[in-house]
Structure formats: C-alpha cells, structure tokens
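Structure of the sequence below:
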Amino acid sequence: MIIQTKAFGEITIDEEKVITFPKGIVGFSELTKFTMIHDKETGAGSIHWLQSLQEPAFAMPVMDPLVVKPDYNPEVEEEWIKPLGELDLEELLVLVTVTVPQDLTQMTVNLKGPIVINTGERKACQVIIEGDEYQVKYPIYDILQAKKAGE
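Predicted coordinates for the structure are as follows:
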C-alpha cells in the first residue's frame with residue numbers, strides 16, 4: 001500500500017506492518033491504523049514515528065522508555081490490554097510518546113500513558129498508568145545528551 005504523509009512524503013507500507021489501535025489513541029479515537037517509521041539515526045535515544053494511515057499529517061514521535069528510564073516497569077490494568085488479544089511477553093513492545101518543543105532542552109516523554117503493542121497480532125493501545133510514580137512530562141534532553149556522549 002502506498003500512502004502520502006506530510007512528514008515523510010510518499011511511502012510504501014507492507015500490509016503486515018499495519019498496527020491497529022481498536023480504540024484509537026487518547027485524544028484521537030478516530031485514528032485506528034498506524035505504521036512505525038524508523039528514524040535513520042540509530043543508537044541511544046533514537047526516535048521512531050507512529051504514522052497514521054488515515055491522517056497524512058499525523059505522525060507521533062515515540063521511543064523505548066528504557067532508554068531514558070531503565071527502571072520503567074509500570075503496572076498495567078488487564079482491562080486496558082484485553083483488546084490486544086493473547087499476549088506473549090516476547091511479542092510485547094512498549095513505547096512512550098515524545099514531545100519535542102521548539103526549545104529542544106525542554107523535550108519530554110509521557111511515562112504515564114505508554115503505548116503497548118502486541119507485535120504478533122499487530123494490535124495496540126495507549127494505556128493510562130494509575131498513581132504518581134510516573135510523569136506525563138518526564139524531561140529527557142539531558143539524559144539523551146549524556147547517552148550520546150557515552151556512545
């Protein structure tokens with residue numbers, strides 16, 4: 001399938017790379033079909049993009065939370081992940097959304113609302129973590145700079 005995107009232009013997506021969010025993403029419940037676009041940059045702190053297949057202008061930066069918070073291990077209520085089908089830990093991918101403001105030093109990730117993907121079923125959902133342990137705006141700029149310097 002060929003899709004036109006605002007950020008990446010025309011791209012070809014294999015049907016097997018389509019990720020379905022049965023309930024959409026928080027704030028965007030009408031957007032249910034996505035694909036992952038990987039940044040050319042690799043290494044510590046690399047950002048990936050969750051690109052909507054329904055809305056060309058919607059591409060959300062995401063990353064592995066363990067890069068910036070190695071002890072990240074939220075408890076997720078079973079009701080949140082039921083729509084993902086049978087879960088195998090080896091097929092579970094957890095990502096967090098990245099907010100990149102004009103001032104890059106203010107870059108944050110949302111540890112309270114991770115995206116959980118069942119890679120085997122290609123189904124995903126965004127969950128809300130209860131309690132105060134994780135922040136919605138967890139600062140990451142200094143962490144990424146330190147990791148980059150250590151590569």
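
going forward, measure contacts and count neighbours with C-alpha atoms only.
Noted.

For the lengthiest helix in the chain, what does the pLDDT average out to?
In the chain, taking DSSP state H as the definition, the longest helix is helix 141-150. Averaged across helix 141-150, pLDDT comes to 87.

is it fair to say Leu66 lies in a strand?
No. Counting by DSSP: H, G, I helix; E, B strand; the rest coil, Leu66 is located in no strand; its state is helix.

can you pull the contacts of it?
Going by Cα atoms under 8 Å, 6 or more residues apart in numbering, Leu66 touches Tyr72.

How about the secondary structure of the closest residue to Ile129 other than its chain neighbours?
Distance criterion Cα to Cα, 6 or more residues apart in numbering; nearest residue to Ile129, sequence neighbours excluded, is Lys112 at 5.1 Å. Classification of Lys112 by three-state DSSP places it in coil.

Thr97 is in what secondary structure piece?
Remark: Thr97 resides in strand 92-99, with elements defined by DSSP states H and E.

where along this protein do the helices fall?
With DSSP H as the criterion, the chain has helices at 78-81, 141-150.

Those: which one's closest to Tyr134?
Tyr134 lies closest, by Cα to Cα, to one member of those: helix 141-150, at 16.3 Å.

Relative to the whole chain's centre, how far out is the closest one?
Helix 141-150 has its C-alpha centroid displaced from the chain centroid by 20 Å (Cα atoms, centre = their mean, to the nearest Å).

Could you give the number of residues near the residue lying closest to Lys123 once chain neighbours are set aside?
Nearest residue to Lys123 in three dimensions, chain neighbours excluded: Thr20, at 4.8 Å (Cα to Cα, 6+ apart). For Thr20, the neighbour count with other Cα atoms under 10 Å is 20.

Also the one 4 residues further on?
When neighbours are defined as other Cα under 10 Å, Gly24 has 17 of them.

Save the helices of the chain as CSV, and put in mean neighbour count and distance to Gly27 too.
Putting these into CSV (neighbours: other Cα atoms under 10 Å; distance: least, Cα to Cα, whole Å) gives the following:
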stretch, mean neighbour count, distance to Gly27
helix 78-81, 12, 16
helix 141-150, 13, 25
